[in-house]
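*Asks:* sequence and predicted model, in that order:
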Amino acid sequence: MSQSLPLVAFIILVALVFDYINGFHDAANSIATVVSTRVLSPMQAVVWAAFFNFVAAFGFGVNVAKTVGKGVVDSAMVDQWVILAGLTGAILWDLITWYYGLPTSSSHALIGGFAGAAVVKGGFGSLIPSGLAKIIAFIVLAPLIGMAVGFTLMVSVYWIFRRARPARVDGLFRRLQLLSAAAYSLGHGTNDAQKTMGIIAILLFSAGYLGPEFYVPFWVILAAHAAIGLGTFAGGWRIVKTMGMRLTKLRPVGGFCAESAGALMLIGTAVGGIPVSTTHTISGSIMGVGATQRLSAVRWGLAGRIIWAWVLTIPLSALLAGVTWLVLPR
């Protein structure tokens with residue numbers, strides 16, 4: 001066991017680098033709406049989001065981590081090389097899509113990379129169909145539910161405040177958006193950090209460092225949340241521009257409804273142990289809010305490009321991870 005310790009430590013470091021890049025890549029999810037509505041400056045927004053990304057470590061359990069660690073790939077097929085190749089594939093895909101400003105899912109990149117490396121090693125029988133089916137279903141369901149909830153919240157707010165002065169509504173929702181941005185960052189932190197926790201925990205389990213039962217050590221929880229919080233603090237400004245300023249024009253009331261819809265979805269699925277994409281969720285929520293004005297308020301051409309990137313994330317990150325597994329000097 002001691003001979004593999006340096007390799008295990010190195011892969012944990014790579015996993016935390018992925019988590020940092022996840023926060024960097026997905027910073028737009030937490031801050032785009034609050035920046036685009038000018039409720040907070042970019043620097044204030046990243047500090048706010050990073051803080052609540054980390055605080056999420058203390059409130060929502062590790063059900064998503066357990067799903068990723070034990071519900072995607074047969075643990076008998078998992079070793080250090082499968083995990084290292086999976087992480088590498090996910091990191092490469094994240095960096096490619098960050099460069100082109102596409103808000104793709106770091107979560108699905110990680111799952112695709114993990115699955116792709118396992119398939120190259122042991123064939124499709126190494127995958128757990130029920131776990132993958134749940135994840136793939138929510139590629140479709142997460143943005144649709146986010147869109148429906150965002151649309152419903154926006155219509156409800158319009159009805160409740162139909163007789164209020166616009167200036168009063170704007171002032172109220174500028175304050176409320178601080179709360180919705182915090183809630184969304186809690187959801188983002190708990191859902192996304194748990195995916196890295198699951199990978200580190202299955203690495204420790206497969207290497208024999210956890211004993212006979214799979215669990216997520218507390219130091220892994222803290223490290224994963226710290227890494228994603230630091231990544232969010234670094235920001236991902238290319239994607240912020242796409243999410244908050246190009247997809248649709250938002251006011252504070254719209255930002256509040258989009259973030260609240262995303263927070264409800266992410267916290268609910270985290271408690272239920274369903275690893276969903278924070279990117280898909282907030283994109284759908286923003287589209288739902290924009291659609292209450294008129295359908296043309298959403299730039300559907302840009303939305304189409306984003307959806308294509310979503311569709312390609314799992315297979316292409318799996319391909320990158322599979323190639324990495326083949327070339328690793330095992």
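*Replies:* Nice, thanks for sending it over. Numbers count the residues shown, from 1 in each chain.

*Asks:* mind listing what's buried in the helix or strand that contains Pro6?
*Replies:* Assessed by DSSP states H and E, Pro6 sits inside helix 5-25. If you call a residue buried by 16 or more other CB atoms under 10 Å, then helix 5-25 has these buried ones: 8, 11-12, 14-16, 18-25. In short, each C-beta sits where N, CA and C put it, glycine included.

*Asks:* among those residues, which one has the lowest pLDDT?
*Replies:* By pLDDT, His25 ranks lowest within the buried residues of helix 5-25, coming in at 70.

*Asks:* hmm, that residue is touching Trp98, no?
*Replies:* Yes. Contact criterion CB atoms under 8 Å: His25 and Trp98 qualify, at 5.2 Å.

*Asks:* quick one: contacts of stretch 161-172?
*Replies:* The contact list for stretch 161-172 (CB atoms under 8 Å, 6 or more residues apart in numbering) reads Arg251, Pro252, Val253.

*Asks:* what's the answer for stretch 115-123, then?
*Replies:* By CB under 8 Å, 6+ apart, stretch 115-123 touches 72-74, 77-78, 81-83, 85-86, 89, 126-127, 132, 314, 317-322, 324-326.

*Asks:* show the buried residues in the residues you listed.
*Replies:* 72-73, 77-78, 81-83, 85-86, 89, 126-127, 132, 314, 317-322, 324-325.

*Asks:* could you export stretch 64-78 as PDB, CA atoms only?
*Replies:* Output in PDB follows, covering the C-alpha atoms of stretch 64-78 (Å, rounded to 0.1, in the frame of the first residue of the first chain):
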ATOM      1  CA  VAL A  64     -24.100  13.100  -4.700                       C
ATOM      2  CA  ALA A  65     -20.600  12.000  -3.800                       C
ATOM      3  CA  LYS A  66     -21.800   8.500  -3.100                       C
ATOM      4  CA  THR A  67     -23.600   8.300  -6.400                       C
ATOM      5  CA  VAL A  68     -20.500   9.400  -8.300                       C
ATOM      6  CA  GLY A  69     -18.100   7.200  -6.300                       C
ATOM      7  CA  LYS A  70     -20.200   4.000  -6.400                       C
ATOM      8  CA  GLY A  71     -23.000   4.500  -8.900                       C
ATOM      9  CA  VAL A  72     -21.300   5.200 -12.300                       C
ATOM     10  CA  VAL A  73     -18.500   2.600 -12.600                       C
ATOM     11  CA  ASP A  74     -18.200  -0.900 -11.100                       C
ATOM     12  CA  SER A  75     -15.800  -0.300  -8.200                       C
ATOM     13  CA  ALA A  76     -14.000  -3.600  -9.100                       C
ATOM     14  CA  MET A  77     -12.800  -1.900 -12.300                       C
ATOM     15  CA  VAL A  78     -11.600   1.300 -10.600                       C
END
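
*Asks:* who's in contact with it?
*Replies:* With contact meaning CB under 8 Å, 6+ apart, stretch 64-78 is reached by 82, 110-111, 114-115, 118, 121-122, 125-128, 130-132, 134-135, 190-191, 194-195, 197-199, 201-203, 205-206, 214, 216, 269-270, 273-275.

*Asks:* weed out the non-buried ones from those residues.
*Replies:* 82, 110-111, 114-115, 118, 121-122, 126-128, 131-132, 134-135, 190-191, 194-195, 197-199, 201-203, 205-206, 214, 216, 269-270, 273-275.

*Asks:* what stretches of the protein score poorly on pLDDT?
*Replies:* Residues of the chain that meet the criterion pLDDT under 70 lie in 1-3, 26-30, 103, 235-250, 294-306, 330.

*Asks:* in it, which helix is the longest?
*Replies:* The helix spanning the most residues in the chain, taking DSSP state H as the definition, is helix 166-206.

*Asks:* and Ile136, what does it touch?
*Replies:* By CB under 8 Å, 6+ apart, the neighbours of Ile136 are Ile314.

*Asks:* centre of the chain to the host helix or strand of it, how far?
*Replies:* In the assignment (DSSP H and E), Ile136 maps to helix 129-160. Computed by CA atoms, centre = their mean, to the nearest Å, the chain-centroid distance of helix 129-160 equals 15 Å.

*Asks:* what's the angle between that helix and helix 166-206?
*Replies:* Between helix 129-160 and helix 166-206, the angle comes out at 170 degrees (axes from the mean of the first three to the mean of the last three CA atoms, to 10 degrees).

*Asks:* may I see the buried residues of helix 129-160?
*Replies:* Within helix 129-160, the residues scored as buried using 16+ other CB under 10 Å are 131-132, 134-135, 138-139, 141-143, 145-147, 149-151, 153-154, 157.
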